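[1] Below: sequence and its predicted model.
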Amino acid sequence: MNSMIVVSGGAGFIGSHLCERLLKEGNRVICIDNFVTGRKENVQHLLQDEKFSLVEQDITKPFSLDEKVEQVYNMASPASPVDFAKIPLEILAVNSVGTRNMLDLASLNKARFLESSTSEVYGEPLEHPQKETYWGNVNSIGERSCYDEGKRFSEALVMAYAREKELETRIVRIFNTFGPRMRKDDGRAIPNFVSQALEGKPLTVYGKGKQTRSFCFVSDQVDGQIKLMNSGYGLPVNVGNPVEITILELAEKVIELVESKSKIDFKPLPKDDPTRRMPDISLAKKEIGWQPKVKWEDGLKQTIDWFKKPFFPG
Ligand SMILES: NC(=O)c1ccc[n+]([C@@H]2O[C@H](COP(=O)([O-])OP(=O)(O)OC[C@H]3O[C@@H](n4cnc5c(N)ncnc54)[C@H](O)[C@@H]3O)[C@@H](O)[C@H]2O)c1
């Protein structure tokens with residue numbers, strides 16, 4: 001491939017792996033980011049590649065690019081629970097005005113567009129595992145609603161552009177993804193547990209730790225997104241790992257792999273924290289020929305190794 005590809009949010013956790021992979025496949029990549037939750041360090045190593053450029057820009061503000069682009073990956077949005085509490089208005093803005101600006105960029109260029117949606121559109125699911133046909137059970141006024149409803153609005157915008165402007169669009173519903181370059185302090189289970197275990201502090205488990213999650217390693221996630229972008233499928237597709245584990249199981253595995261003496265500290269369950277979350281990935285298998293390859297324990301080892309590196313910024 002030798003396409004010109006825009007990745008908004010490309011200096012974030014998933015976006016930076018996506019930029020890396022697209023460059024490796026021979027594409028030119030323009031990364032747009034305002035570093036609200038991302039870091040320049042995540043793409044520092046790509047800056048010497050002449051096929052890569054970094055534009056510092058808030059996508060909720062008007063902007064234009066001189067280059068003709070062929071694909072647009074819209075990865076810009078804070079995604080962690082600590083951000084939901086700190087910057088809800090920015091989250092609502094990026095998933096509405098920001099998504100619209102990126103859709104306009106794609107429209108102008110007649111480029112293909114991929115939206116990074118989320119399993120959070122299913123809310124506290126009443127169906128398990130979650131299929132793309134499930135409409136969700138979301139609290140529209142809860143503490144997570146800026147994100148859940150923001151993403152649902154983004155999906156609606158994308159479908160309106162597809163129907164009204166005949167834009168070629170893709171929607172990936174990302175389930176919990178992990179790996180190197182996650183922020184240590186982003187409030188998600190894996191970075192929390194790994195940094196607590198490395199520091200010998202107790203691991204914070206909410207409730208009894210019986211709530212389940214399924215964790216997809218970032219290389220598999222990016223692989224699914226690229227396959228979806230290049231497929232002919234225009235409706236939402238779940239991309240995540242269907243292996244369901246409890247949070248307590250995860251905490252115990254982290255303690256084992258870090259060889260830490262940390263204990264587990266049980267705290268009250270936060271509001272609207274989903275109790276079960278697991279993707280049904282039959283559609284991804286059928287439509288894009290994707291399923292995860294990396295076992296969560298192997299991905300966890302790679303993530304722990306990365307968190308051990310001294311240059312890791314908090
Ligand atoms: N990591 C996950 O498990 C997960 C799960 C579901 C969905 N997602 C989605 O995947 C995408 C990437 O998530 P991530 O985990 O890499 O998060 P991240 O916070 O690491 O990356 C998001 C990036 O978007 C940038 N950004 C945010 N607002 C912006 C704006 N207004 N203008 C320009 N750039 C902006 C941030 O600076 C950051 O670099 C997000 O859309 C997120 O909602 C992630």
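    Cool, got the structure.
[2] tell me which parts of the stretch 151-300 of the chain are close to the ligand?
    Applying Cβ under 6 Å from any ligand atom, we find that the stretch 151-300 of the chain lies next to the ligand at 174, 176-177. Glycine gets a C-beta too; all of them are placed from N, C-alpha and C.
[3] Please name whichever of those scores lowest on pLDDT.
    Looking at those by pLDDT, the weakest one is residue 176, with 94.
[4] Isn't it up against residue 215?
    Yes - between residue 176 and residue 215 there is a contact at 5.2 Å, judged by Cβ atoms under 8 Å.
[5] coming back round to it: most neighbours, which of the residues of the stretch 151-300 of the chain next to the ligand?
    residue 177 (26 neighbours; other Cβ atoms under 10 Å).
[6] Who does it form a beta bridge with?
    With DSSP bridges as the criterion, residue 177 is bridged to residue 216.
[7] got the residues of the stretch 151-300 of the chain next to the ligand as TSV, with distance to residue 263 columns?
    Below are those laid out as TSV (distance: Cβ to Cβ, whole Å):
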residue	distance to residue 263
174	32
176	24
177	28
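[8] Return the closest of the residues you listed with respect to residue 168.
    Relative to residue 168, the closest of those is residue 174; by Cβ to Cβ it sits at 19.9 Å.
[9] Phi and psi next, for the closest residue in space to that closest one that isn't next to it in sequence.
    Leaving aside its chain neighbours, residue 174 sits nearest to residue 118 (5.4 Å; criterion: Cβ to Cβ, 6 or more residues apart in numbering). Dihedral angles of residue 118 (phi, psi; degrees, to the nearest 10) stand at phi -150, psi 160.
[10] and residue 118, what does it touch?
    Residue 118 sits next to 79, 147-148, 151, 173-175 when contact means Cβ atoms under 8 Å, 6 or more residues apart in numbering.
[11] what's the spacing between it and the ligand?
    From residue 118 across to the ligand, the span is 4 Å (Cβ to the nearest ligand atom, to the nearest Å).
[12] Adding distance to residue 136, write the contacts of residue 118 out as CSV.
    Listed next are those as CSV, based on distance: Cβ to Cβ, whole Å:
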residue, distance to residue 136
79, 17
147, 13
148, 8
151, 10
173, 10
174, 15
175, 14
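[13] export those to a markdown table and tack on secondary structure?
    Formatted as a markdown table, those follow (DSSP: H, G, I helix; E, B strand; the rest coil):
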| residue | secondary structure |
| --- | --- |
| 79 | coil |
| 147 | helix |
| 148 | helix |
| 151 | helix |
| 173 | strand |
| 174 | strand |
| 175 | coil |
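[14] Which among those residues count as buried?
    Using 16 or more other Cβ atoms under 10 Å as the burial test, the contacts of residue 118 include 79, 147-148, 151, 173-175 as buried.
[15] In terms of distance to residue 183, which of those residues ranks first?
    Minimum distance to residue 183 across the buried ones among the contacts of residue 118 is 10.2 Å, recorded for residue 79 (Cβ to Cβ).
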